[in-house]
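**Student:** sequence plus predicted model, see below.
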Amino acid sequence: MKPLSTRRSFLGQSAVTLAGVSTAFGANGQNANNGSGPSLKGRIFKSLKGSARKKGESVEAFFTRLQNLGFDGLESGRVGEAAAYRAAAAKTGFRIHGLVNGGHWGVRLSDPDPAVREKGRANLERALMNAHLLGGSSVLLVPGKVNGEKETHEHVWERSIEQVRKVLPLASRIGVRVLIETVWNGFCESPQKFRDYIDDFDSPWVGAYFDIGNMQKFAPAHEWIRVLGNRTVKLDVKDWGKKNGFCRLGEGDVDWDKVRVELKALDFSGWATREGSDRSIEDTSRLIDELLIG
């Protein structure tokens, strides 16, 4: 494994903080973490995925409404309204912190056709520029999919790294990072393999977007966090369990106390974005406070 002192130093210096709000009781009226998980208050930016607004609602009013519910930002926004988003962000402090790379499942960087891979790279470049326009700091990327003999694990590894490296000069110039999400794509389904994959880029402009619920299927989320270390730049907030599948936060198999212990040990500070839904947006805000922030 190549030495990564430069990349890790960059990651350590890139942390951001914002005060969080916590409550004492969990979803069932009981202490959600039994008092054993350290507080991450002041270390987590709380976010939602998506950009839907009420009909006729201005961007500023939309931001203010979500702020009043305890959120600090969103992931993904309407690029055609980039100027309005940036103006509202400057006025309210609410932010679009990043974009999800559109089409990365269908137009894959691991596709056997070189022309499709090039199209995927162009899509990634466009997403980087759009994230920059909206004031975001990252693009979430699914790097490919293991799909039979034409897209093996080795193919996904080599082809995606080749294409992502082509966009890194742009990423560094505009200050937007490529963050690889942990997903169910048949690729790097152990924390050690995913760690080594991120390290193979040997770049401060590539990091991990760790999805807490996704990887619970393969190994406990807290183990992934410990192994990935400071490679993790942002978090997707989900819960998953053998019984309930993807579910309301706190009703799956994720050990949130241990997740917090590992994040605290890393001195993690950054964006945590809820992907999925609970009983309401208010419920989501409260559950993140209770389970992840503490």
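**Tutor:** Now that the structure is in, tell me what you want to look at. Residues are numbered from 1 along each chain as shown.
**Student:** okay, now the unreliable bits of this protein?
**Tutor:** Residue ranges of the chain with pLDDT under 70: 1-36.
**Student:** and if we set it to 80?
**Tutor:** Scanning the chain for pLDDT under 80 picks out 1-36, 51-52.
**Student:** now do the helices in it.
**Tutor:** All helices of the chain, identified by DSSP state H, fall at 5-13, 59-68, 82-92, 114-134, 153-174, 191-201, 221-228, 256-265, 281-287.
**Student:** what sits against the nearest residue to G241 once chain neighbours are set aside?
**Tutor:** Take G241 and drop its neighbours on the chain: the residue closest to it by C-beta to C-beta, 6 or more residues apart in numbering is G252, 3.5 Å away. Glycine gets a C-beta too; all of them are placed from N, C-alpha and C. By C-beta atoms under 8 Å, 6 or more residues apart in numbering, the residues touching G252 are 213, 216, 239-241, 244, 246.
**Student:** could the helices of the chain be laid out in CSV, adding distance to E75?
**Tutor:** Below are the helices of the chain laid out as CSV (distance: least, C-beta to C-beta, whole Å):
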stretch, distance to E75
helix 5-13, 19
helix 59-68, 12
helix 82-92, 13
helix 114-134, 10
helix 153-174, 17
helix 191-201, 20
helix 221-228, 19
helix 256-265, 19
helix 281-287, 14
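**Student:** closest to T182 out of the ones you listed?
**Tutor:** helix 191-201 (6.2 Å; C-beta to C-beta).
**Student:** helices and strands around the closest one, which ones?
**Tutor:** Counting contacts by 3 or more C-beta pairs under 8 Å, 6 or more residues apart in numbering; DSSP states H and E, helix 191-201 is packed against helix 153-174, strand 206-211, helix 221-228.
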